[in-house]
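Asker: after the sequence you'll find the predicted model.
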Amino acid sequence: MKALLFEEYMLEKEELKFHHSDAPDANGRFRDLSPKELAKWLIKTRDGDMRKITGSLNQQVAFNKNEDPEYAEKMEKTRDEVKKQLKEGKEKPGPDPYMTGLSDEDEEDKEAQIKKQSKMDDDDPDAYKEMPGDKKARKEGRVKKSTHTKAYHKKFGKK
């Protein structure tokens, strides 16, 4: 069975009907606020319920995508921002284990390199370069090999 997107489902029915929700009226906030501020407001007024937030954003996209594509794109950016903000609240407390023992400068370099390498293709050898601080951490025994890496090396040997 093929999964349908909200818009495809509504177009299949050949009708889009406005639906009132129990959430507070936006009073122009969807147009006036930035995606970041709108996301914050949606999370607050919809009690962090992603289903309600998605419904509100889907409705805005469906009713405005033809007349105002920029506005529809703003709603998509808002959806991404909502996901980001909801995820941030669920992060584990404490220091980032990948950054333990690094100076502020090395930490910034490592974050920049992680971001850069994440955009590279999987088959690009540069995507697997050493990160700042890895050699020192490995030397000190703070970097442990995963069970999968150990199994691979046992089966195929090291490079």
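Answerer: Yep, that arrived.
Asker: quick one: neighbours of residue 82, just the number.
Answerer: 24 (other C-beta atoms under 10 Å). (Glycine included, C-beta is placed from N, CA and C.)
Asker: for it, which non-adjacent residue is spatially closest?
Answerer: residue 39 (4.4 Å; C-beta to C-beta, 6 or more residues apart in numbering).
Asker: which elements pack onto the strand or helix carrying that neighbour?
Answerer: Following DSSP states H and E, one finds residue 39 within helix 35-45. When contacts are defined as 3 or more C-beta pairs under 8 Å, 6 or more residues apart in numbering; DSSP states H and E, helix 35-45 packs onto helix 29-32, helix 50-64, helix 69-88.
Asker: who touches that helix?
Answerer: For helix 35-45, the surrounding residues in contact (C-beta atoms under 8 Å, 6 or more residues apart in numbering) are 23-24, 29-30, 33, 53, 56-57, 74, 77-78, 80-82, 84-86.
Asker: pick the most buried one from the helices and strands packed on helix 35-45.
Answerer: For these, ranked by mean neighbour count under the definition mean count of other C-beta atoms under 10 Å, the leader is helix 50-64 at a mean of 18.
Asker: the inter-axis angle of it versus helix 35-45?
Answerer: 130 degrees (axes from the mean of the first three to the mean of the last three C-alpha atoms, to 10 degrees).
Asker: how far does helix 50-64 sit from its chain's centre?
Answerer: 18 Å (C-alpha atoms, centre = their mean, to the nearest Å).
Asker: put the alpha carbons of that helix into PDB.
Answerer: What follows is helix 50-64, C-alpha atoms only, in PDB (Å, rounded to 0.1, in the frame of the first residue of the first chain):
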ATOM      1  CA  MET A  50       4.400  17.200  16.900                       C
ATOM      2  CA  ARG A  51       1.100  15.900  15.500                       C
ATOM      3  CA  LYS A  52      -0.700  19.200  16.200                       C
ATOM      4  CA  ILE A  53       2.200  21.300  15.000                       C
ATOM      5  CA  THR A  54       2.500  19.300  11.800                       C
ATOM      6  CA  GLY A  55      -1.200  19.600  11.200                       C
ATOM      7  CA  SER A  56      -1.000  23.400  11.600                       C
ATOM      8  CA  LEU A  57       2.000  23.700   9.200                       C
ATOM      9  CA  ASN A  58       0.500  21.300   6.700                       C
ATOM     10  CA  GLN A  59      -2.700  23.300   6.500                       C
ATOM     11  CA  GLN A  60      -0.600  26.500   5.900                       C
ATOM     12  CA  VAL A  61       1.400  24.900   3.200                       C
ATOM     13  CA  ALA A  62      -1.600  23.300   1.500                       C
ATOM     14  CA  PHE A  63      -3.600  26.500   1.400                       C
ATOM     15  CA  ASN A  64      -0.700  28.800   0.300                       C
END
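Asker: perfect, I'm done here.
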